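S.K.: Could you work out the structure for the sequence below:
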Amino acid sequence: MNKTWWKEAVVYQAYWRSYYDSNGDGYGDLEGVYQKLDYIQSLGVDVLWLNPCYESPDVDNGYDISDYRSIMPKAGTMATFDKLLSAVHDRGMKLIMDLVVNHTSDQHNWFKESRSAIDNPKRDYYIWRKETNNWRSYFAPSTWTYDDTTDEYYFHSFSKEQPDLNWENEKVREEIYDMMRFWLDKGIDGFRMDVINLLAKLPGFPDAENPTDISYLGNNPGIHEYLQEMHDKVLKHYDAFTVGEIPFVSPEDGVLYVGEGRKELNTMFHFEVCDYMAHWDMQRFKQIQARWYDGLWGKGWNSQFLNNHDHTRVVTRFGNDAEYREQSATCFATLIHTLPGMPYVYQGEEIGMTGIRFSSIDEYNDISMKNKYAEEVGKGRDPEEVLKELQHLSRDNSRTPMQWNSSPQGGFTEGQPWIAVNPNYASINVEQALSDPNSIFYYYKKLIELRKRNEVMVYGSFTTYLDEHDQIYAYTRTLGDESWLVLLNISEQPAGINVADCGVTKLGEIVISNYAGRTNQENVMELQPYEAVVYRV
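M.R.: I've put the predicted structure just below:
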């Protein structure tokens, strides 16, 4: 297996608008990220991923871009971005940006021209039709919106304010490639590629037999040709790391995107866990991990994550954010950092931040949730019932501001925050975590240090045991003569185990454990709720 720096790296995601507000306007900003770089570096991560900070009307929190080559005022200025990039590099880290090229904002000059007249030179930069089909978008009941200026409909995979680009148009592709060169020439180290498998559309836009299954939006003919062209014209000329956000994908499809000889992407996110497993399901999770390991190992590289800016915080969604918050946070951290693939840390995860439940739809900002709420209430459903149904997976669960200390607004801002701070900031915050040597933060730090010192965590093969057990996830990572046994009780009840059932006759030293008092002499043991322990064997 080829060794590379990025396979050995850990990525930290900074959702900048919720990270730290440096000027009191209620929004986090790039200056705020800059001021907190020492904190990020202290965790030991290698790569900083910034969510979109380009010029945008901000209908979808920056994923509706109106100018790819400028910085939105909420985020700061290009001078601030340049300062941040330089400071990241000075600390020996790398910086990647979100590449959002499936769609633009409807306020982008390209779209303004495109919609102005059928014979406008940029008309074909987007997708226009006289007739529609029955497809749904991510954020709306239809992928089509009527525009009376030219008496046609335009296509959008997300909100109506986010029209999709027409990647069949070579001029569009060249515009995008030139924009990518602009940022890479500035010195950024790569891209997280937003819904990159949606670029190619299903020829002819046929009606879907089941329009609620929106997988027809992705993995269509032509996508691999586009990505190979992108690699040939841009990426191969830079030492650029790429990770593709790729929904609706199986391991068999995934290896086509990240296969080491394919010349497309370095690695990818799939969503079999975060999009299709609303609550923890041990058997399903084990099966997903096994399938992806079998499909990719030795062929391409995977990513490991359980929360991000689009998915509810892990301790609330899959763990216990009350009685066992610290234990479940460290248990899931052990899981993510010892499974095969590249670990991602989403801001606040390293201090065990929790999800939130607002009492009114008016308190939510998430356009996807608000549109779905309006659609369901419009059908005559009870508003309180709809709100309760949507709360668990609302994207705003993970977007509340970073909790820095116990001062008002959690130390995030001196103004009025753009979205409410979680009220538990008084007890869950960075200042508290840094003052406690046994905190979740220092557990994450130790895991990341272990990964840097032990290649078995990166390149070791993966073998599972006790596959039918509903509480315990047990597996080994093995590289040469080095072998580690990972034992995780992902449940709220104690669970007994005999390590002989994991093919182990004698336990070696404990590498890491999230419960004090565990020894290496207990071949038959009882794991406590959300206990994680890793042994050399």
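S.K.: tell me the contacts of Val534?
M.R.: 334, 338, 484-487, 510-513 (Cβ atoms under 8 Å, 6 or more residues apart in numbering). Every C-beta, even on glycine, is put in place using the N, C-alpha and C of the backbone.
S.K.: SS state for the nearest residue to it once chain neighbours are set aside?
M.R.: Once flanking residues are discounted, Val534 sits nearest to Val511: 4.2 Å by Cβ to Cβ, 6 or more residues apart in numbering. Here Val511 is recorded as strand under DSSP: H, G, I helix; E, B strand; the rest coil.
S.K.: how close does Val511 get to Met457?
M.R.: Distance, Val511 to Met457, using Cβ to Cβ, to the nearest Å: 9 Å.
S.K.: The two: which is more packed in?
M.R.: Neighbour count, other Cβ atoms under 10 Å: between Val511 and Met457, Met457 has more, with 25 against 21.
S.K.: Give me the outermost residue of this structure relative to its centroid.
M.R.: Asp119 (39.7 Å; Cα atoms, centre = their mean).
S.K.: Give me the pLDDT for that residue.
M.R.: For Asp119, the model assigns a pLDDT of 98.
S.K.: which phi and psi does it have?
M.R.: When read as degrees, to the nearest 10, the backbone of Asp119 gives phi -100, psi 10.
S.K.: and if you look at Ser42?
M.R.: phi -60, psi -20.
S.K.: cool, the one 5 residues further on as well?
M.R.: Backbone dihedrals for Val47, given as degrees, to the nearest 10, come out at phi -130, psi 130.
S.K.: ok, it to Gly28 distance?
M.R.: Distance, Val47 to Gly28, using Cβ to Cβ: 19 Å.
S.K.: Neighbour count for those two, which is higher?
M.R.: Neighbour comparison, Val47 and Gly28: the larger count goes to Gly28, with 27 against 23 (by other Cβ under 10 Å).
S.K.: so who does the residue nearest to Val534 touch?
M.R.: Applying Cβ under 8 Å, 6+ apart, the residues near Val511 are 450, 484, 534-536.
S.K.: list the contacts for Asp239?
M.R.: Asp239 makes contact with Asp189, according to Cβ under 8 Å, 6+ apart.
S.K.: Could you look up the SS state of Gly295?
M.R.: Three-state assignment for Gly295 (three-state DSSP): helix.
S.K.: Could you measure from the spatially most central residue of the chain over to Glu245?
M.R.: Most central in the chain under Cα atoms, centre = their mean is Asn308, positioned 4.3 Å from the mean C-alpha point. Between Asn308 and Glu245 the distance is 9 Å, computed by Cβ to Cβ.
S.K.: Overlap of the contact sets of Val511 and Met457?
M.R.: Common neighbours of Val511 and Met457, using Cβ under 8 Å, 6+ apart, are 450, 484.
S.K.: how far is the longest helix belonging to the chain from where the chain is centred?
M.R.: Ranked by residue count and defined by DSSP state H, the top helix of the chain is helix 170-186. How far helix 170-186 lies from its chain's middle: 24 Å, per Cα atoms, centre = their mean, to the nearest Å.
S.K.: Give me the residues contacting the following helix or strand past it.
M.R.: Using DSSP states H and E, the helix or strand that follows helix 170-186 in sequence is strand 190-193. Defining contact as Cβ under 8 Å, 6+ apart, one finds that strand 190-193 is touched by 49, 94, 96-99, 101, 180, 240-245, 265-266.
S.K.: Apply 6 Å and report the result again.
M.R.: The contact list for strand 190-193 (Cβ atoms under 6 Å, 6 or more residues apart in numbering) reads 49, 96-99, 240-244.
S.K.: For the stretch 51-200 of the chain, which segments count as strands?
M.R.: Applying DSSP state E, counting those that start in this stretch to the stretch 51-200 of the chain gives strands spanning 54-55, 67-71, 94-99, 128-129, 144-147, 152-155, 190-193.
S.K.: And the strands in the stretch 201-350 of the chain, which stretches?
M.R.: Counting by DSSP E, counting those that start in this stretch, the strands of the stretch 201-350 of the chain are 241-245, 267-269, 301-304, 342-346.
S.K.: Run me through the strand neighbours of the second one, direction for each.
M.R.: For strand 267-269, the paired strands and their directions (DSSP bridges) read strand 241-245 (parallel), strand 301-304 (parallel).
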